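1. I'll drop the sequence and a predicted model, then ask my questions.
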Amino acid sequence: MTNQSDTFKKVISHAKEYGFVFQSSEIYDGLSAVYDYAQNGVELKRNIREYWWKAMVQMNDNIVGLDAAIFMHPTTWKASGHVDAFNDPLIDNKDSKKRYRADVLIEDYCAKIELKIEKEIKKAEKRFGENFDKNEFINTNGRVLAYQDKITAILSRMGRSLENEDLADVKALIQELEISDPLTGSKNWTDVKQFNLMFGTKLGANAESAMDLYLRPETAQGIFVNFLNVQKTGRMKIPFGIAQTGKAFRNEIVARQFIFRMREFEQMELQFFIKPGTQAKWYEHWKEARMKWHISLGMGTDNYRFHDHDKLAHYADAAADIEFKFPFGFKELEGIHSRTDFDLSQHQTYSGKKLQYFDHEENKNYTPYVLETSIGLDRMFLAVFSNALTEETLDNHTTRTVLKLPAVLAPIKAAILPLVKKDGLPEVAKTIFNDLKWDFNVVYDEKDAVGRRYRRQDAVGTPFCITVDHDTLEDKCVTIRNRDSMEQQRVKIDDIKAIIENKVAMKHWLKEL
Ligand code: GAP
């Protein structure tokens, strides 16, 4: 645990120190679970968003984009079920007066059992050496099987109780497992209550006529209410999709883990409209397609896994998460939900407007089913950033901190560095900088010794450093240093653009999909 939390602390402090993420309104002591993206963070976030957008919208001729408003007619949220059912089960500790999500307390308890399984695996790995077969061990070892059975039993009981609104049983489960307040150890709990996560606000100038609104808790509904507008004006034929990225707001009870769980965050969602009865096929299709997108970034296949839901949201007939190995363990990164015709039918009922599709092949009208993929942009940022942060011990026993970001996502693609600040080298370096800036986000840096400048670029994840030295004046060549291998190559100035392009252009990465 200490190791995990140490790693996570380093992630948070590196994000601040190198201009990626700041606490919101820090000079006023910050606002809990609200964050600002700084000069490097905003670039990384933009690149992740663009990589998603191109993969979803540009690469699929049956998917189009949308940018719906954050404010929506309040009936939207009645129809979607959010007014009645967008709740988290909360529990208070009577001694510490701290508030927790009851389901998170139980899930954290299970995560501790998972750590025990991992320990058993590590021990066995050591004992059996090269002959170790991890899968066989997991499927046959008595202790591991008992741990797994325990996790399954706990999570399915919790799922059942939450589904049946049996909050007394959720409390009973917490008591039976002897779960205590993580901060104080107290087991003096209140009953479990439901808490609605939507933020309310008002539209209009005077108190009597003002309309109660909500800040949208998901971007999805902006797509559903525009389904027919897009379908008709875009002459879209089913199956087709509408993709959107944008802010969402949730009054999270347990707001912690940095940008993992925020009160204001950004989602990247696809709603894919399909013929009823084909949802199982499309569910598998999108699970596979989204996993491929993640794997294409080269962050290690072992860091991802699927988690099928026992407890389904009010709108879904099947759902799975893509989980990522964050510094605090495997947690949800993206959701893939088979939403049936729940949303369109609900909006049809509440608005009194027909939201149907005429299928020319079938010669009939129907309400399409929907397959949704929904990923948190900030959570993806955390996955990419925490996975990239590396401390290396070099041959000369010094250490370097390097952010091994996928080059396609790196905020700065290359730094142009004159070896010294004289003899005409800055002028040549600036010419190279001015030439490259049309194609890439590049920086020019002449301060400090070149070694220190390399370290600065390593720490923000710049894939290439280009050094202009005295020989450059003669041979029109520069030294190009690779961030990860630290290898240096002498290349012609005329070839720099192609070398960078080859490594960072989105099209090369998207071709892997
Ligand atoms: N439209 C479906 C929907 O919103 P969700 O599972 O509630 O589903 C989808 O959210 C994704 O949004 C999650 O997988 C997560 O990546 C991200 N997300 C949800 N709540 C978040 C929060 N409070 N802070 C950051 N990201 C969040």
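-> Yes, it's here.
2. where exactly do the helices run in the stretch 1-150 of the chain?
-> 2-17, 39-53, 75-79, 82-85, 102-128, 134-140, 142-163 (DSSP state H, counting those that start in this stretch).
3. Between those helices, which one is closest to residue 489.
-> helix 39-53 (25.0 Å; CB to CB). No exception for glycine: its C-beta is placed from N, CA and C like everyone else's.
4. Can you lay out the helices of the stretch 1-150 of the chain as a markdown table showing mean pLDDT and distance to the ligand?
-> Shown next, in a markdown table, are the helices of the stretch 1-150 of the chain (pLDDT from 0 to 100; distance: least, CB to the nearest ligand atom, whole Å):
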| stretch | mean pLDDT | distance to the ligand |
| --- | --- | --- |
| helix 2-17 | 88 | 15 |
| helix 39-53 | 98 | 12 |
| helix 75-79 | 97 | 13 |
| helix 82-85 | 91 | 10 |
| helix 102-128 | 93 | 12 |
| helix 134-140 | 91 | 26 |
| helix 142-163 | 93 | 15 |
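5. Out of those helices, the one nearest residue 435 is which?
-> Closest among the helices of the stretch 1-150 of the chain, using CB to CB: helix 39-53, at 20.1 Å.
6. what's the angle from the closest one to helix 2-17?
-> Inter-element angle recorded for helix 39-53 and helix 2-17: 100 degrees (by axes from the mean of the first three to the mean of the last three CA atoms, to 10 degrees).
7. Quick one: list the elements packing against helix 39-53.
-> The helices and strands touching helix 39-53, judged by 3 or more CB pairs under 8 Å, 6 or more residues apart in numbering; DSSP states H and E, are strand 240-249, strand 264-274, helix 377-388, helix 506-510.
8. excluding its backbone neighbours, what's nearest residue 5?
-> residue 328 (7.5 Å; CB to CB, 6 or more residues apart in numbering).
9. gap between the residue in the stretch 351-500 of the chain that the ligand sits nearest to and residue 246?
-> With CB to the nearest ligand atom as the measure, residue 376 is the residue of the stretch 351-500 of the chain nearest to the ligand, at 2.7 Å. Using CB to CB, to the nearest Å, residue 376 is found at 12 Å from residue 246.
10. So for the helix or strand containing residue 371, mean pLDDT?
-> In this assignment (DSSP states H and E), residue 371 forms part of strand 369-376. Average pLDDT, strand 369-376: 98.
11. Tell me the helices and strands packed up against that strand.
-> Checking 3+ CB pairs under 8 Å, 6+ apart, strand 369-376 ends up next to helix 220-225, strand 264-274, helix 279-295, strand 329-340, helix 342-351.
12. Need the three-state assignment for residue 237.
-> coil (DSSP: H, G, I helix; E, B strand; the rest coil).
13. returning to what we had before: nearest to residue 443, out of the helices and strands packed on strand 369-376?
-> Per CB to CB, nearest to residue 443 of those: strand 264-274, 25.7 Å.
14. which residues sit in contact with the residue most central in space within the chain?
-> For the chain, the residue nearest the mean C-alpha position is residue 380 (2.4 Å; CA atoms, centre = their mean). Residues near residue 380 by CB atoms under 8 Å, 6 or more residues apart in numbering: 48, 52, 268, 333, 334.
15. Any quick ChimeraX command for the buried ones out of those?
-> Provided next is the ChimeraX selection string for whichever of the contacts of residue 380 are buried by 16 or more other CB atoms under 10 Å:
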select :48,52,268,333,334
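16. about what we covered before: next, count neighbours for the residue nearest to residue 5.
-> The number of residues packed around residue 328, counting by other CB atoms under 10 Å, is 19.
17. Pretty sure residue 257 is one of the things it touches, is it not?
-> Yes. Counting by CB atoms under 8 Å, residue 257 is a contact partner of residue 328 at 6.4 Å.
18. Common neighbours of these two, please.
-> Common neighbours of residue 328 and residue 257 (CB under 8 Å, 6+ apart) are residue 8.
19. mind listing what residue 160 touches?
-> Counted by CB under 8 Å, 6+ apart, residue 160 has contacts 166, 311.
20. ok, it to residue 427 distance?
-> In terms of CB to CB, residue 160 sits 72 Å off from residue 427.
21. do you know how far the residue nearest to residue 5 is from the ligand?
-> Noted for residue 328: a distance of 14 Å to the ligand, by CB to the nearest ligand atom, to the nearest Å.
22. In the least confident helix or strand in the chain by mean pLDDT, which residues are buried?
-> The weakest-scoring helix or strand in the chain, judged by mean pLDDT, DSSP states H and E, is helix 2-17 (a mean of 88). Using 16+ other CB under 10 Å as the test for burial, helix 2-17 gives 8, 11, 12, 14, 15.
23. How much space separates the residue of the stretch 351-500 of the chain closest to the ligand from residue 247?
-> 11 Å.
24. residues from this structure in reach of the ligand?
-> 218, 220, 250, 252, 261-262, 265, 267, 269, 332-335, 372, 374-376, 378-379 (CB under 6 Å from any ligand atom).
25. just to revisit the earlier point, which residues are in contact with the least confident helix or strand of the chain?
-> By CB under 8 Å, 6+ apart, helix 2-17 touches 20-23, 41, 257-258, 327-329, 382, 385-386, 389, 401, 403, 459.
26. ok, residue 247 - contacts?
-> Contacts of residue 247 by CB under 8 Å, 6+ apart are 70, 216, 219, 264, 265, 266, 267.
27. between those, which is closest to residue 178?
-> residue 265 (33.5 Å).
28. looking at it, that closest one is touching residue 374, isn't it?
-> No. Taking contacts as CB under 8 Å, residue 265 lies outside contact range of residue 374: 11.7 Å.
29. What's the PyMOL line that selects buried ones from the residues of the chain next to the ligand?
-> In PyMOL syntax, the buried subset of those is picked out as below (16+ other CB under 10 Å):
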select buried, resi 218+220+250+252+261+262+265+267+269+332+333+334+335+372+374+375+376+378+379
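30. Now the common contact residues for residue 376 and residue 247.
-> Counting by CB under 8 Å, 6+ apart, the residues touching both residue 376 and residue 247 are 265, 266, 267.
31. Next, the contact list for the second one, please.
-> Read it as residue 266. 45, 49, 245, 246, 247, 248, 376, 377, 378.
32. what number of residues lie near the first one?
-> Neighbourhood size, residue 45 [other CB under 10 Å]: 22.
33. Show the low-confidence segments of the stretch 251-400 of the chain, by residue range.
-> The model of the stretch 251-400 of the chain has pLDDT under 70 over residues 255.
34. Break the protein down into its domains, please.
-> Using automatic domain parsing, the domain parsing of the chain gives 2-86+197-378, 412-510.
35. now residue 249, which residues is it bridged with?
-> residue 264 (DSSP bridges).
36. how about the host helix or strand of residue 169 as PDB, C-alpha atoms only?
-> Residue 169 belongs to helix 167-176 when assigned by DSSP H and E. Output in PDB follows, covering the C-alpha atoms of helix 167-176 (Å, rounded to 0.1, in the frame of the first residue of the first chain):
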ATOM      1  CA  LEU A 167     -29.900  -0.200   1.900                       C
ATOM      2  CA  ALA A 168     -30.300  -1.900   5.200                       C
ATOM      3  CA  ASP A 169     -28.500  -5.000   3.800                       C
ATOM      4  CA  VAL A 170     -25.700  -2.800   2.400                       C
ATOM      5  CA  LYS A 171     -25.200  -1.500   5.900                       C
ATOM      6  CA  ALA A 172     -25.400  -5.100   7.300                       C
ATOM      7  CA  LEU A 173     -22.700  -6.100   4.800                       C
ATOM      8  CA  ILE A 174     -20.400  -3.300   6.000                       C
ATOM      9  CA  GLN A 175     -20.900  -4.400   9.600                       C
ATOM     10  CA  GLU A 176     -20.400  -8.100   8.800                       C
END
